[in-house]
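1. Got a sequence here, can you model it:
(2 chains)
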Amino acid sequence: EAQVTQNPRYLITVTGKKLTVTCSQNMNHEYMSWYRQDPGLGLRQIYYSMNVEVTDKGDVPEGYKVSRKEKRNFPLILESPSPNQTSLYFCASTGRGLLNYGYTFGSGTRLTVV
Amino acid sequence: AQSVTQPDIHITVSEGASLELRCNYSYGATPYLFWYVQSPGQGLQLLLKYFSGDTLVQGIKGFEAEFKRSQSSFNLRKPSVHWSDAAEYFCAVTGRGSYIPTFGRGTSLIVHP
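-> Here you go, the predicted model:
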């Protein structure tokens, strides 16, 4: 089944403790993105990647890192999480070309930083 | 820069009634347009997309959307709503050739029995 898999689904952590949210897609998609979703603010892009080793900042990149060493994986790293990073996070991917264009989203990771 | 506005934060309809969710975009040319649905506790799912050509596009789950260039709109419609359609709906826009969408803030659909 074509899908984007995020782990974990739920995470509670303490301020300053480094964490990684994993994201993997099995569709050979070139483009991958991370979003955060907050009430009243909709979806905001954190980082995106156009291919292996090619990443760029989105609208709200502060406090986050990403890497794209393999085409299928796009982990999101919070090196020193803070309470304002408590949010619902989504990873998404899409292929190139009009036939393949349309993001597939993961099921989300609900992060709470205390 | 592109932007998208969903004027309605909440919409309430009765089951079996018709539905129209509004989406207005701002972009210098004809953009690529999308509608996504987010069921409670789930990620977003693509309902339909418009790139060019026929301005009425059909999607999954019985939804359709119409692109109106003169009104800069891409409204989502369904002739008869089912209780399972209760969800959050997001309109998104990208520039032609871009793969970085801008999402609207979403419209929450409530379906009364």
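2. C-alpha only now, for contacts and for neighbours.
-> Fine.
3. Tell me who's in contact with the residue nearest in space to the middle of chain A.
-> Geometric centre of chain A, nearest residue: A:Trp34, 2.9 Å, by C-alpha atoms, centre = their mean. Taking C-alpha atoms under 8 Å, 6 or more residues apart in numbering or on different chains, we find A:Trp34 in contact with A:45-48, A:76, A:89-92.
4. now swap in B:Glu64 and tell me
-> For B:Glu64, the contacting residues are B:48, B:56-58, B:76-78, by C-alpha under 8 Å, 6+ apart.
5. is it possible to export those to JSON lines including secondary structure?
-> Shown next, in JSON lines, are these (DSSP: H, G, I helix; E, B strand; the rest coil):
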{"residue": "B:Leu48", "secondary structure": "strand"}
{"residue": "B:Leu56", "secondary structure": "strand"}
{"residue": "B:Val57", "secondary structure": "strand"}
{"residue": "B:Gln58", "secondary structure": "strand"}
{"residue": "B:Leu76", "secondary structure": "strand"}
{"residue": "B:Arg77", "secondary structure": "strand"}
{"residue": "B:Lys78", "secondary structure": "strand"}
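6. Which one (most neighbours) among the residues you listed?
-> When neighbours are counted by other C-alpha atoms under 10 Å in any protein chain shown, B:Leu76 leads these with 24 neighbours.
7. what sits against the closest residue in space to that one that isn't next to it in sequence?
-> Nearest residue to B:Leu76, sequence neighbours excluded (C-alpha to C-alpha, 6 or more residues apart in numbering or on different chains): B:Ala65, at 4.3 Å. Listed by C-alpha under 8 Å, 6+ apart, the contact partners of B:Ala65 are B:48, B:56-59, B:74-77.
8. now the strands for the chain?
-> Just going to use chain A. With DSSP state E as the criterion, chain A has strands at A:4-7, A:10-13, A:19-25, A:31-38, A:42-51, A:54-57, A:65-66, A:76-78, A:87-94, A:104-105, A:109-113.
9. other chain: chain B
-> B:3-5, B:10-14, B:19-21, B:24-26, B:32-38, B:44-50, B:56-58, B:64-68, B:73-78, B:87-94, B:102-103, B:107-112.
10. Please identify the deepest-packed of the ones you listed.
-> strand B:87-94 (a mean of 25; mean count of other C-alpha atoms under 10 Å in any protein chain shown).
11. That one and chain A, are they touching?
-> No - Strand B:87-94 is not in contact with chain A by C-alpha under 8 Å from any C-alpha of the partner chain; minimum separation 8.7 Å.
12. Need the mean per-residue confidence for that strand.
-> Confidence over strand B:87-94 (mean pLDDT, whole number) is 96.
13. tilt between that strand and strand B:44-50?
-> Strand B:87-94 runs at 50 degrees relative to strand B:44-50, counting by axes from the mean of the first three to the mean of the last three C-alpha atoms, to 10 degrees.
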